[in-house]
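Undergrad: I'll drop the sequence and a predicted model, then ask my questions.
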Amino acid sequence: MGKEKNYILRCFSCGKESHESQSYTSCSKCKGPLEVECDYGRISEKLNTHVLKSAPMRATKYLDFYPLASMKNVFSLNEGGTPLYRCHKLGRKVGLKSLWIKFEGTNPTGGFKDRGSLVEIAKAIELGAKNVICASTGNMAASLAAYSAVAEIPCYVIVPEGTPLGKMAQTLAFGARVVQVRGSYDDAARLAVGIAKNKDFYLAGDYAFRLEGQKSQAYEIIEQLGWKSPDKMIVPVGNGTNASAVWKGFKEFNMLGFAESLPGMVAVQPENVSPIVRAFRGNCELLPIEKPSTIASAVCVGNPSDACKVLQALRESNGSAAAAREHEILEAQKLLAKTESIFVEPSGALPFAALQNMVAAGEVDADEEIVMLMTGAGLKDPLSLLKILPSPPTVEPELEAVKKLLDYDYYKICAEMNSGQGEVLVSSAPDIASLGSIIFGSFEIKMPADDLRFCLEQVKEFLQKGKALTKNDLKLIVEEAMQRGKTMENRKKELEILDFEVSTSRHAKPSAFVKVRVHGTALESTAFGVGPVDAIINAVKSCVKGKLDFELIDYRVQINTENTDATVDVRITMKDSKGNRVIAMGASPDIMVASVNAFEQGYNLLHAKSVSSASEGAVTDR
């Protein structure tokens, strides 16, 4: 069942009217962005105010406000109706009396884009589309893929290489055909436009019809605040479509009498990628950023297509713009989770990071009612926050091992991990007493002699490689000492890797020579491998052959700083033929040394478990 058309498409820049059968993305005359111009008189005539105010909140509640000719093409996944949280504790931390979070992470695919996809897929079907395509930094890709799947329309997505794994997993799971490009979002957007024209695909994305679905965020905020607008509305900005959508939603409900006032809009961006913030604060034209890069990948857009709409919204609303640095975004993300139990992706944490800077600059009144829009759930991009979060310790299943961590106050070290982590603490070999003093001064931990000796050995290894130890380096060593447990402390090593040499070149297989001690016997061996670490392990395997049947099932390398002299943290997972499984760690400025240390520890742990399980089996048999 159809309905009368209650809108037209018009160019935001030059005012030229456009017919959607010809273009629904940009103006044919000036290439400016298009926007939907609604007939509010007709909408008002047909609107059932009682139903609008009493029906449960869902994006489909606002169908009368969307530019759709027929409701039969609407495929809903129950998007919208997202919570508005009053943040008392967070507000007290920054000195604000009324601070709220509109959390879009509870939408079906974990982000605000679902509201826009609801409208875009319905519009694509209405216009006879057989395929849809979009460019995305990840959130739109996952959302469009989900709605295309339920509507049974093939979906193609072009994303920048390095798009967060959580978003990529969603997109692929929903059946989208994904292409990664070695470039930026702007490169992906340009290619999506070209493919859409060449293949006659429906071009979805940050265009006029998507904006119409996303404006429902503002409708809900007004209802959730008791049919009024906040004083300030803080929105993270990439392309600018969502911020302009939210502003349009506020204006529409104000015009129709559902809210007496309008908020001041605040656009926030990462300092690294802040063309809109710079243009607004400098009162100048927008200067695109050629190679944008930020931890907040969802807003990593160097040349925002809807910048003109956002800048007008800021001026119309007597609003403002603010930016935040990379570490501020991650710290805000962590604080949101720890304080209010709200886990958002980095772009979602951007409003709070920027708000703290605004408060510090005196740009916010303590009595103002402020809503921060948090656009996506934290599991969209879990790896980013792990850069500043501690790795959980792994210990033997022994009471003493766990008690040791608690006695050491291991979690105090975790809290210290971002405090002065680049500060050099050790540049020449200390004696054991001096090292104990350094560790106590850095982490307030008094280590027993056995653990201090272990730490001293590791420190000397670092120094022999020409690497002065930073606070973060020492933290990794202390962590390893804490996690050794009785199995490693009290049992003599079955395997000691005394030394190794590796020969490798661009084309030949790497070869490794190792000197080891196996149960007190010195042995030597040489082997080849597909890589240097593989060659070393193969050489060691030949020395321990027949003593322990094992396989390496996971190998993870983390580099903790950006330079080539960075410390490498290696985690190895190994298992034996009896089902025993261990995770071992090693740290060094040399990736091969870190790997060898982890492998040696893993082998000895696994051997100890194997002997223990054999002993238990013998007792059981009797």
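TA: It's in. Numbering: from 1, shown residues only.

Undergrad: only C-alpha atoms for contact and neighbour calcs from this point on.
TA: Fine.

Undergrad: Spatially central, which residue of the protein would that be?
TA: By C-alpha atoms, centre = their mean, the mean C-alpha position of the chain lies nearest to residue 381, the distance being 2.5 Å.

Undergrad: And the contacts of stretch 334-349?
TA: 87, 89-90, 105, 236, 295-299, 329-330, 332-333, 373-382, 384-385 (C-alpha atoms under 8 Å, 6 or more residues apart in numbering).

Undergrad: 6 Å instead?
TA: With contacts defined as C-alpha atoms under 6 Å, 6 or more residues apart in numbering, stretch 334-349 is touched by 296, 298, 332, 333, 374, 375, 376, 377, 378, 381.

Undergrad: Can you flag which of the residues you listed belong to strands?
TA: residue 374 (DSSP state E).

Undergrad: and residue 323, what element?
TA: Assessed by DSSP states H and E, residue 323 sits inside strand 320-324.

Undergrad: meant to ask about residue 606, not that
TA: helix 591-621.

Undergrad: Tell me the first helix or strand C-terminal of the helix or strand of the chain with the lowest mean pLDDT.
TA: Every helix and strand in the chain was compared by mean pLDDT, DSSP states H and E; the lowest is helix 485-490, with a mean of 50. Later in the chain than helix 485-490, the nearest helix or strand by DSSP H and E is strand 495-503.

Undergrad: list the buried ones in that following strand?
TA: 495, 496, 497, 500, 502 (16 or more other C-alpha atoms under 10 Å).

Undergrad: Just the closest of those residues to residue 311, please.
TA: Nearest to residue 311 out of the buried residues of strand 495-503 is residue 502 (C-alpha to C-alpha; 58.9 Å).

Undergrad: thinking that closest one is in contact with residue 512, fair?
TA: Yes - the pair residue 502 / residue 512 is scored as a contact, 4.4 Å apart, by C-alpha atoms under 6 Å.

Undergrad: Relative to residue 52, how far out is the residue nearest to residue 179 when sequence neighbours are not counted?
TA: Counting by C-alpha to C-alpha, 6 or more residues apart in numbering, residue 179 lies nearest to residue 158, which is 4.8 Å off, once chain neighbours are set aside. Using C-alpha to C-alpha, to the nearest Å, residue 158 is found at 38 Å from residue 52.

Undergrad: more neighbours, these two?
TA: Between residue 158 and residue 52, counting by other C-alpha atoms under 10 Å, residue 158 is the more crowded of the two (24 against 13).

Undergrad: Quick check, the more buried one in contact with residue 135.
TA: Yes - using C-alpha under 6 Å, residue 158 is in contact with residue 135, at 4.7 Å.

Undergrad: shared neighbours of those two, which are they?
TA: residue 188.

Undergrad: Residue 272 in helix, strand or coil?
TA: State at residue 272, reduced to three classes by DSSP: H, G, I helix; E, B strand; the rest coil: helix.

Undergrad: Can you read off the pLDDT for it?
TA: With respect to pLDDT, residue 272 scores 94.

Undergrad: Can you tell me the closest non-neighbouring residue to it?
TA: The shortest distance from residue 272 to any non-neighbouring residue, by C-alpha to C-alpha, 6+ apart, is to residue 294 (6.2 Å).

Undergrad: hmm, back to that, ok, the buried residues of strand 495-503 vs residue 436, which is closest?
TA: Closest approach between the buried residues of strand 495-503 and residue 436, by C-alpha to C-alpha: residue 496, at 25.7 Å.

Undergrad: Please name the bridge partners of that closest one.
TA: Beta-bridge pairing for residue 496 (DSSP bridges): residue 517.

Undergrad: Relative to residue 290, how far out is it?
TA: As judged by C-alpha to C-alpha, residue 496 and residue 290 stand 52 Å apart.

Undergrad: now swap in residue 556 and tell me
TA: As judged by C-alpha to C-alpha, residue 556 and residue 290 stand 33 Å apart.

Undergrad: One more: residue 526?
TA: Residue 526 is 50 Å from residue 290, where distance means C-alpha to C-alpha.

Undergrad: neighbour-wise, which of the two wins?
TA: Each of residue 526 and residue 290 has its neighbours counted (other C-alpha under 10 Å); residue 526 has more, 19 against 12.

Undergrad: Show me which positions of the strand or helix carrying the more buried one end up buried.
TA: Applying DSSP H and E as the criterion places residue 526 in strand 521-528. Residues of strand 521-528 classed as buried: 523, 524, 525, 526, 527, 528 (neighbour count, 16+ other C-alpha under 10 Å).

Undergrad: after that strand comes which helix or strand?
TA: Following strand 521-528 toward the C-terminus (DSSP H and E): helix 532-544.

Undergrad: Who are the packing partners of that following helix?
TA: On a contact count with 3 or more C-alpha pairs under 6 Å, 6 or more residues apart in numbering; DSSP states H and E, helix 532-544 meets strand 511-518, strand 521-528.

Undergrad: low-scoring stretches of the chain, by residue?
TA: Scanning the chain for pLDDT under 70 picks out the ranges 1-4, 390-391, 410-422, 484-492, 560-564, 612-622.

Undergrad: can you give me phi and psi for residue 112?
TA: With angles defined as degrees, to the nearest 10, residue 112 sits at phi -70, psi -20.

Undergrad: residue contacts, it?
TA: Counting by C-alpha under 6 Å, 6+ apart, residue 112 touches 104, 375.

Undergrad: what do you get for residue 584?
TA: Shown in contact with residue 584 (C-alpha under 6 Å, 6+ apart): 571, 572, 598, 601, 602.

Undergrad: How about residue 483?
TA: Counting by C-alpha under 6 Å, 6+ apart, residue 483 makes contact with residue 395.

Undergrad: how about the helices of the stretch 151-300 of the chain, start to end?
TA: Taking DSSP state H, counting those that start in this stretch to define them, one finds helices in the stretch 151-300 of the chain at 165-173, 185-199, 208-214, 216-224, 241-255, 275-282.

Undergrad: Dump those to TSV, plus distance to residue 581 and mean neighbour count.
TA: Output for the helices of the stretch 151-300 of the chain, formatted as TSV (distance: least, C-alpha to C-alpha, whole Å; neighbours: other C-alpha atoms under 10 Å):
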stretch	distance to residue 581	mean neighbour count
helix 165-173	27	18
helix 185-199	42	18
helix 208-214	48	27
helix 216-224	48	23
helix 241-255	48	24
helix 275-282	51	20
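
Undergrad: okay, the ones you listed in JSON lines with distance to residue 22 next?
TA: Formatted as JSON lines, the helices of the stretch 151-300 of the chain follow (distance: least, C-alpha to C-alpha, whole Å):
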{"stretch": "helix 165-173", "distance to residue 22": "29"}
{"stretch": "helix 185-199", "distance to residue 22": "12"}
{"stretch": "helix 208-214", "distance to residue 22": "14"}
{"stretch": "helix 216-224", "distance to residue 22": "27"}
{"stretch": "helix 241-255", "distance to residue 22": "21"}
{"stretch": "helix 275-282", "distance to residue 22": "30"}
